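model the following, please.
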Amino acid sequence: MTWTLHRSYNLLFPWAKCDLDSYWGSNKMPVMEAETILWTAKQVAGIASAIKSIHNPSRQSLRVPEDDKYGRHGDLKAENILLFDSPDDERGILVVADLGLAKLNSIVSRSAQSNHRIHCTPRYKPPECDTEGAKITRTYDIWTFGCLLLEWVCWMFQGQDNKTSFIWQLGSQYPTGSIVETFYDMKSQGNGRHHVVVKSKVLEVSAHML
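This is a model prediction of the structure:
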């Protein structure tokens, strides 16, 4: 069910079994069998479809105002993917949840949101969060979904311990001096300018998985 109170929009879900991160942690080395691969592929496709529905909401089914045609989740991560029981699959179904940072924009405002004061999960944030003058668009979710998928593949083929090790190896020092586990680096070009590069560990793991 859903309800609105003082312009605060709320969703009520059934009680979930766990989130995806907890699922990975409780299944440290998945059994690589056909059923596991097929179930995982089905869940990935379902999550991608859910993201598409958020990005391009149906005005008829969701009663979206005429001008508001473009959505963004804004906080895709394993902790926000919930596992529910399903009558169609004994393994359950994964559902995209936690729309607290979601945004709905018109064709005018969809590419105009500044990257200042964007609330995000540091590890999954895309490069535009640290690029001066960059705007936040729906590609924000595509980057975070890609990060999530790479972690998922690491878990499937190498197990939870190796996935955790991979995440730790993402840690690097920002120009500000802080250590952040992002999937990219900010390289100094001098004069206070920086450019973005995908971290070598990400490229290494991606190539190994292929």
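
make it CA atoms for all contacts and neighbour counts henceforth
OK.

chain neighbours aside, what residue packs nearest to residue 30?
Spatial nearest neighbour of residue 30, chain neighbours left out: residue 156 (6.1 Å); criterion: Cα to Cα, 6 or more residues apart in numbering.

for the host helix or strand of the one you found, packing partners?
If you go by DSSP states H and E, residue 156 is part of helix 139-158. Helices and strands touching helix 139-158, as assessed by 3 or more Cα pairs under 8 Å, 6 or more residues apart in numbering; DSSP states H and E, comprise helix 160-168, helix 200-209.

pick the most deeply packed of those.
helix 160-168 (a mean of 16; mean count of other Cα atoms under 10 Å).

what's in contact with that one?
Helix 160-168 has contacts (Cα atoms under 8 Å, 6 or more residues apart in numbering) with 24-25, 27-29, 151, 154-155, 181, 201.

if we use 7 Å, what do you get?
24-25, 28-29, 151, 154-155, 181 (Cα atoms under 7 Å, 6 or more residues apart in numbering).

so what's the gap between it and the chain middle?
Counting by Cα atoms, centre = their mean, to the nearest Å, helix 160-168 is centred 18 Å from the centre of its parent chain.

give me the element the residue nearest the centre of the chain is part of.
Centroid-nearest residue in the chain, with Cα atoms, centre = their mean: residue 76, separated by 2.8 Å. Remark: residue 76 resides in no helix or strand, with elements defined by DSSP H and E.

identify the residues contacting residue 83.
Applying Cα under 7 Å, 6+ apart, the residues near residue 83 are 16-20, 92-95.

for the helix of greatest length in the chain, packing partners?
In the chain, assigned by DSSP state H, the helix with the most residues is helix 34-55. Helix 34-55 sits against strand 68-72, strand 89-96, with contacts defined as 3 or more Cα pairs under 7 Å, 6 or more residues apart in numbering; DSSP states H and E.
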